[in-house]
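1. Generate a structure from the sequence data that follows.
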Amino acid sequence: MNIEYPMSNVNAKKENKSRKYDLEERLINFAVRVINIVEALPNTRSGNHIAGQLTRCGTAAAPNYGEAQSAESRKDFIHKMKIALKELRETKVWLKIIQCKNLIKTEEELKALIGECDELISIFFTSIKTAQKNKKVD
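-> Model (predicted):
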């Protein structure tokens with residue numbers, strides 16, 4: 001996410017543009033990692049149920065963030081960011097269920113993915129709070 005304000009020199013603007021997509025790329029990589037976890041789930045009734053739920057919420061943050069980038073207003077931006085945050089929180093719950101039930105063998109990847117999910121939740125939470133604060137200033 002491009003949190004920094006653009007600076008006047010050309011190099012800073014170029015760097016800012018390249019950094020603009022860092023969060024989007026991170027969210028896409030997160031979604032791919034979620035899909036990898038889903039593919040490792042057992043082909044059982046519970047495994048299939050969790051797979052469907054996790055696929056939906058675990059891949060939703062990236063496109064919702066993309067929609068937020070095209071928001072029509074600050075209020076619309078905040079709303080779309082809150083949707084992405086909600087999906088990330090749901091993803092974390094499903095990942096923890098998988099962990100508690102020991103449904104996959106790649107425990108280290110699962111722990112790393114839960115950690116990444118926590119970091120993304122923090123980023124979205126902070127971004128929403130900042131946007132809400134700036135909304136009051138406008």
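2. Now for the residue sitting nearest the centre point of the chain: which residues touch it?
-> Residue closest to the average C-alpha location in the chain (CA atoms, centre = their mean): Ala61, at 4.4 Å. Contacts here follow CB atoms under 8 Å, 6 or more residues apart in numbering; on that basis Ala61 touches 27, 30-31, 84, 87-88, 91, 120, 124. The way it works is simple: take the backbone N, C-alpha and C, and place the C-beta from them, glycine included.
3. Now tabulate those in a markdown table and tack on distance to Ala40.
-> Rendered in a markdown table, the data for the contacts of Ala61 read as follows (distance: CB to CB, whole Å):
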| residue | distance to Ala40 |
| --- | --- |
| Leu27 | 21 |
| Phe30 | 16 |
| Ala31 | 15 |
| Ala84 | 25 |
| Glu87 | 21 |
| Leu88 | 20 |
| Thr91 | 16 |
| Leu120 | 21 |
| Phe124 | 26 |
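4. Tell me which two in those residues are the farthest apart.
-> Taking CB to CB as the measure, those span a maximum distance of 14.5 Å, between Ala31 and Phe124.
5. buried sites along stretch 44-62?
-> For stretch 44-62, a neighbour-count test (16 or more other CB atoms under 10 Å) marks 47, 50-51, 53-55, 57-62 as buried.
6. what about the residue nearest to the residue nearest to the centre of the chain when sequence neighbours are not counted, which helix or strand?
-> Distances taken as CB to CB, 6 or more residues apart in numbering put Ala84 closest to Ala61, at 4.5 Å, once the chain neighbours are dropped. When secondary structure is defined by DSSP states H and E, Ala84 falls within helix 74-101.
7. That helix - contacts with which helices or strands?
-> helix 22-40, helix 45-58, helix 61-69, helix 107-137 (3 or more CB pairs under 8 Å, 6 or more residues apart in numbering; DSSP states H and E).
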